[in-house]
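*Asks:* next come a sequence and a model predicted from it.
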Amino acid sequence: MAEKELLQERERKLRAIIQAGIYPYGGRFDRSVPAREVADAAGDVRLAGRVVTMRNHGKAAFADLEDLSGRIQVYFQQDVLGSVFDLYRLLDIGDIIGISGEPFRTRTGQLTVKVKELTLLSKSNRPLPEKWHGLKDVEIRFRQRYLDLIANPEVREVFIARSLIVSRIRQRLNEEGFLEVETPMMHPIAGGAEARPFVTHHNTLGTDLYLRIAPELYLKRLLVGGLEKVYEINRSFRNEGISPLHNPEFTMLELYAAYADYNVMAEIAEGLILYLLETNIPGVNRSGNRVNYQGVEIDLSPPWRRATLSDLMKEHAGIVDLRNQGELLTCLQKEGAPLTGAETVFDLLDTLFKLKVQPKLVSPVFVMDYPREISPLAKSKPEDVKTVERFELFIAGMEVGNAYSELNDPEEQRRRFAEEVKNNRPDRPKVVDEDYILALSYGMPPAGGLGIGIDRLVMLLTNRPSIREVILFPLLRPQNGG
RNA sequence: GCGCCGUUAGCUCAAUCGGCAGAGCAGCUGACUCUUAAUCAGCAGGUUGAAGGUUCGAUUCCUUCACGGCGUACCA
């Protein structure tokens, strides 16, 4: 039937209900139990939820009522309900109702509530997606996520799992003495990562501002201020491509601990993720320390491998010297990688790493010790100034974490920033962040810092193939006149 | 940005080589007081994403556009 006619049909019922003197959008309704707990209830129950199926039998009818906890069958009989049964006849799938009644078992043993009172709490004016096949159209799923949540129970489970994951991260960090803080999302200089920022404008101040690409530089100012262990879980924004691993706004955990270093950060990252497994979150797809991600078994049993970038490049790509442009180029050409010729040695290194090494990093690996030039905020290794104490954590071939021993030498930091500015590459800072250096110059304790991509971690733990499956409202192109 | 694929009823999907656009669910009418993917009888439901072209004839072939997916580029 044409959508218009379906809407007219619902409109007709809505008018009939109003005609009968019933306001179709009710108010407070005190429930005695969630649907899932009806079996344990003594005496009558009061329930509310959405009508998801209806099976009419003339002077009686069964319906399934769904609330957050689950579904329960309810039974309407004309001889019990009298004129209220007429209201039942005007209900549609999708309506939200409250009922009170007596639990019983049907002949086949199905737990059911025999309805004694019926309250219409919200009339639904549009048809819901189909009950059996659910809602599959990904565009509708993302644009109208509420329909996805109604029609697809596993989607609901993923987002509940995500909420629990985040809350348990907070719980764990709080227990370990970390202080949760909130730092600016609008920055005068976009720093703390290399990424193209979104630009916005403050009218009264008459100044452009950048949506933050990372909270890092503000969190470290707090270390200067004596807040020794801080963390923030919130959005960062990067004006870059969209892919199954990238959404323009995404959620990061960043934490900093004074007097620690990147080795401590590795322990924290490992401990945190294992803790999430241990706490048995429904929807987290684990058995023991193993998770299955997209058909691949991943063993997260500690200790996780720690290998230097240099060793891994040797192991998987046969590269002996990370800084040998010719060697990297030869290897990439052999792989048939498309190159423009304008790549720096570090671009080549990164490309080759992504091509040859990253896909092999299925079990968790801390990739340790990166070139200084691509890590301007990390502290050099004492024995090798060109290499910094930094790791990236890879699981299932996916980068989920990044950590440093934080650079706390203001003069060295200024040189690193100045070098970036001098190189003048697109999307890199055009000015030295003197305000940050000012903070460092008051003395920042040595510290370890760790960032974890929450969206990707949730993908891993809930076995979702795309970041859009773990973000409630992923960015899509606007539909009309955008 | 670029490349490939997709878009058919409210939802899930069919439609042979270019030859009358179809089914299930949802909806409507009737029957039915223990059904549960209720059942039975009947009815209705379409700008085939949009615009243009080729053709006697286009869901099908071509062009452009919109939106989405994947890949790629970008992304320390």
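*Replies:* Cool, got the structure.
*Asks:* A:Ala48 touches A:Gly98, doesn't it?
*Replies:* Yes: at 4.1 Å, A:Ala48 counts as touching A:Gly98 under the criterion of CB atoms under 8 Å. All C-beta spots, glycine's among them, are computed from the backbone N, C-alpha and C.
*Asks:* need the residues touching each of those two.
*Replies:* Both A:Ala48 and A:Gly98 are contacted by A:Phe29, A:Arg31, A:Leu121, under the criterion CB atoms under 8 Å, 6 or more residues apart in numbering.
*Asks:* can you tell me the element the nearest residue to the last one once chain neighbours are set aside falls in?
*Replies:* In space, and not counting its chain neighbours, A:Leu121 is closest to A:Gly26: 4.0 Å by CB to CB, 6 or more residues apart in numbering. Assessed by DSSP states H and E, A:Gly26 sits outside every helix and strand.
*Asks:* ok, A:Gly26 - contacts?
*Replies:* Contacts of A:Gly26 by CB under 8 Å, 6+ apart are A:Gly98, A:Thr119, A:Leu120, A:Leu121, A:Ser122.
*Asks:* next, give phi and psi for it.
*Replies:* Main-chain dihedrals, A:Gly26, degrees, to the nearest 10: phi -70, psi -180.
*Asks:* distance check, it against RNA strand B.
*Replies:* Using CB to the nearest atom of the strand, to the nearest Å, A:Gly26 is found at 21 Å from RNA strand B.
*Asks:* get me the contact residues on the stretch 201-350 of chain A for RNA strand B.
*Replies:* A:Arg238, A:Glu240, A:Gly241, A:Ile242, A:Ser243, A:Pro244, A:His246, A:Ala337, A:Pro338, A:Asp347, A:Asp350 (CB under 7 Å from any atom of the strand).
*Asks:* hmm, A:Pro248 and the second one touching each other?
*Replies:* Yes: taking CB under 8 Å as the contact criterion, A:Glu240 and A:Pro248 are neighbours in contact, 7.2 Å apart.
*Asks:* for chain A, what's the longest helix?
*Replies:* helix A:153-175 (DSSP state H).
*Asks:* is there proximity between it and RNA strand B?
*Replies:* No: applying CB under 7 Å from any atom of the strand, one finds helix A:153-175 separated from RNA strand B by no less than 12.9 Å.
*Asks:* give me the distance between that helix and the centre of its chain.
*Replies:* Here helix A:153-175 shows a centroid-to-chain-centroid distance of 10 Å under the convention CA atoms, centre = their mean, to the nearest Å.
*Asks:* in that helix, which residues are buried?
*Replies:* Judged by neighbour count (16 or more other CB atoms under 10 Å), helix A:153-175 contains these buried residues: A:Val155, A:Val158, A:Phe159, A:Ala161, A:Arg162, A:Leu164, A:Ile165, A:Val166, A:Arg168, A:Ile169, A:Arg172, A:Leu173.
*Asks:* what does stretch A:363-371 give?
*Replies:* A:Ser363, A:Pro364, A:Val365, A:Phe366, A:Val367, A:Met368, A:Asp369, A:Tyr370, A:Pro371.
*Asks:* secondary structure, distance to A:Tyr75 and pLDDT added to those, as JSON lines?
*Replies:* Output for the buried residues of stretch A:363-371, formatted as JSON lines (DSSP: H, G, I helix; E, B strand; the rest coil; distance: CB to CB, whole Å; pLDDT from 0 to 100):
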{"residue": "A:Ser363", "secondary structure": "coil", "distance to A:Tyr75": "53", "pLDDT": "95"}
{"residue": "A:Pro364", "secondary structure": "coil", "distance to A:Tyr75": "52", "pLDDT": "97"}
{"residue": "A:Val365", "secondary structure": "strand", "distance to A:Tyr75": "57", "pLDDT": "97"}
{"residue": "A:Phe366", "secondary structure": "strand", "distance to A:Tyr75": "58", "pLDDT": "97"}
{"residue": "A:Val367", "secondary structure": "strand", "distance to A:Tyr75": "60", "pLDDT": "97"}
{"residue": "A:Met368", "secondary structure": "strand", "distance to A:Tyr75": "64", "pLDDT": "97"}
{"residue": "A:Asp369", "secondary structure": "strand", "distance to A:Tyr75": "67", "pLDDT": "97"}
{"residue": "A:Tyr370", "secondary structure": "strand", "distance to A:Tyr75": "65", "pLDDT": "97"}
{"residue": "A:Pro371", "secondary structure": "strand", "distance to A:Tyr75": "70", "pLDDT": "96"}
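*Asks:* now distance to RNA strand B too, for those, in JSON lines please.
*Replies:* As requested, the buried residues of stretch A:363-371 are arranged in JSON lines below (distance: CB to the nearest atom of the strand, whole Å):
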{"residue": "A:Ser363", "distance to RNA strand B": "21"}
{"residue": "A:Pro364", "distance to RNA strand B": "18"}
{"residue": "A:Val365", "distance to RNA strand B": "15"}
{"residue": "A:Phe366", "distance to RNA strand B": "14"}
{"residue": "A:Val367", "distance to RNA strand B": "10"}
{"residue": "A:Met368", "distance to RNA strand B": "14"}
{"residue": "A:Asp369", "distance to RNA strand B": "13"}
{"residue": "A:Tyr370", "distance to RNA strand B": "7"}
{"residue": "A:Pro371", "distance to RNA strand B": "9"}
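*Asks:* does A:Arg477 count as helix, strand or coil?
*Replies:* With DSSP: H, G, I helix; E, B strand; the rest coil as the basis, A:Arg477 sits in coil.
*Asks:* so what are the sheet partners of the helix or strand hosting A:Arg235 and their directions?
*Replies:* Assigned by DSSP H and E, A:Arg235 belongs to strand A:229-237. Strand A:229-237 pairs in its sheet with strand A:179-180 (parallel), strand A:249-258 (antiparallel), by DSSP bridges.
*Asks:* single out the most deeply packed of these.
*Replies:* strand A:249-258 (a mean of 22; mean count of other CB atoms under 10 Å).
*Asks:* identify the residues contacting the residue in the stretch 301-450 of chain A positioned nearest to RNA strand B.
*Replies:* The minimum distance from the stretch 301-450 of chain A to RNA strand B, using CB to the nearest atom of the strand, falls at A:Ile374 (4.0 Å). Residues near A:Ile374 by CB under 8 Å, 6+ apart: A:Phe346, A:Asp350.
*Asks:* next, the contact list for A:Asn239, please.
*Replies:* A:Asn239 neighbours (CB under 8 Å, 6+ apart): A:Ala195, A:Arg196, A:Pro197, A:Phe198, A:Pro248.
*Asks:* surely the third one is in a helix?
*Replies:* It stands for A:Pro197. No: counting by three-state DSSP, A:Pro197 is not found in a helix; it is coil.
*Asks:* neighbours of it, how many?
*Replies:* Applying other CB atoms under 10 Å, we find 21 residues neighbouring A:Pro197.
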